[in-house]
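J.: Sequence and computational prediction follow.
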Amino acid sequence: MSAPFRYTHLQQNARWNILVDKPDTKSQVRCEYYFDQGACIPIRVRTVVISVQHSEKISLEQLQNDIMEHVVKMVIPDEYLDSRTVFHINICAAFIIGGPMGDSGLTGRKIIADTNSGWGAHGGGAFSGKDFTKVDRSAAYAAIGVAQSLVKSGICWRFLVQASYAIDVAEPLSTTIFDYGSSDKTQKELVTIIKKNFDLRPGRILKDLDLKSPIYQKTSTYGHFGRDVFSWEQVKPLIL
């Protein structure tokens, strides 16, 4: 999982008593990197943006101080924060009215927010608007499993899998991979490893990831990727 994506889960991982019954929050983390053999290594956090819906009983100053102390400093490692880091905490001041009362006309959850926050290619619409038989959703789950297994096995540092499908055709029409120069294996060798260890046919994905199980409520918040509670996040031991 990329550093910005991990740190934008601030609200999930920190404890504070500001929200109570005010669930509308947004966060964004901007990092600076250096590149090492195709991998993006975070150097520092450049900008932190957090907007929190809150009670009218709390002052803006108290809100900003509490979020800084009990959220930002608890979640982002000290070595990534410095005197140049910019913090925008409720920059528009009061955020009393939120959720459906404040905005309307939205369809589904943004797929960028539900996946890797723009670090990978995206296809299809909102995951949560589709059932597990739709490859927009199930094949995306399978693809993240392939990528994570290759990275965590040490075969590469960074990996992207793209697959395309047609209705009533079991096998993917194409499977494209990118290792960004982070692997010492050739493209042909990487494809061979994937074919030997993963079956990307929709029916097989459904069975391998146990997608008929009642597991989807947890995907309604904090995204679909990056949490070990999901079957597609489990790293598979690879046969090389």
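T.: Thanks, I have the structure now.
J.: show me where pLDDT drops low in this structure?
T.: 1-21, 100, 103-108, 117-118, 123-125 (pLDDT under 70).
J.: what packs against the strand ranked longest in it?
T.: Ranked by residue count under DSSP state E, the longest strand found in the chain is strand 39-52. With contacts taken as 3 or more C-beta pairs under 8 Å, 6 or more residues apart in numbering; DSSP states H and E, strand 39-52 sits against helix 3-7, strand 25-36, helix 60-67, strand 86-89. C-beta: built from backbone N, CA, C; applies to glycine.
J.: Any buried residues in that strand, and which?
T.: Across strand 39-52, burial judged by 16 or more other C-beta atoms under 10 Å covers 40, 42, 45, 48-52.
J.: Pick out whichever of those residues sits closest to residue 202.
T.: The shortest approach to residue 202 among these belongs to residue 40, at 31.4 Å (C-beta to C-beta).
J.: now the closest one: how far from residue 177?
T.: 18 Å (C-beta to C-beta, to the nearest Å).
J.: Give me the distance between the longest helix along the chain and the centre of its chain.
T.: Taking DSSP state H as the criterion, the chain has its longest helix at helix 135-152. Relative to the centre of its chain, helix 135-152 is centred 12 Å away, using C-alpha atoms, centre = their mean, to the nearest Å.
J.: Please apply the same query to stretch 112-122.
T.: The answer for stretch 112-122 is 6 Å, by C-alpha atoms, centre = their mean.
J.: Please save the CA atoms from it in CSV.
T.: The C-alpha atoms that make up stretch 112-122 are tabulated as CSV, following Å, rounded to 0.1, in the frame of the first residue of the first chain:
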residue,chain,number,x,y,z
ILE,A,112,-9.9,6.2,-6.7
ALA,A,113,-10.7,6.4,-2.9
ASP,A,114,-11.8,2.8,-2.7
THR,A,115,-8.6,1.4,-4.3
ASN,A,116,-5.0,2.6,-4.2
SER,A,117,-5.7,6.3,-4.3
GLY,A,118,-4.5,6.8,-7.9
TRP,A,119,-1.4,4.6,-7.7
GLY,A,120,-2.7,2.1,-10.1
ALA,A,121,-4.8,1.9,-13.2
HIS,A,122,-8.5,1.9,-12.8
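J.: Show me which residues of it are buried.
T.: 113-117, 119-120.
J.: Does the residue positioned nearest the centre of the chain belong to a helix, a strand or coil?
T.: With distances taken as C-alpha atoms, centre = their mean, the residue of the chain nearest its centroid is residue 116 (3.3 Å). At residue 116 the chain is in coil, as set by DSSP: H, G, I helix; E, B strand; the rest coil.
J.: Distance of it relative to residue 148?
T.: Computed as C-beta to C-beta, the residue 116 to residue 148 distance reads 11 Å.
J.: and what of residue 172?
T.: Per C-beta to C-beta, residue 172 is found 19 Å from residue 148.
J.: Give me the contact list for the longest strand of the chain.
T.: 2-3, 7, 10, 18-19, 22, 25-35, 63, 67, 71-72, 76, 80-82, 84-92, 95, 157-158, 180, 182 (C-beta atoms under 8 Å, 6 or more residues apart in numbering).
J.: strands paired with it, and their directions?
T.: Looking at strand 39-52 with DSSP bridges, its partner strands are strand 25-36 (antiparallel), strand 86-89 (parallel).
J.: list the buried ones in the shortest one?
T.: Which is strand 86-89. So for strand 86-89, counting by 16+ other C-beta under 10 Å, buried means residue 89.
J.: And the buried residues of strand 39-52, which is closest to residue 188?
T.: Nearest to residue 188 among those is residue 40, at 25.3 Å by C-beta to C-beta.
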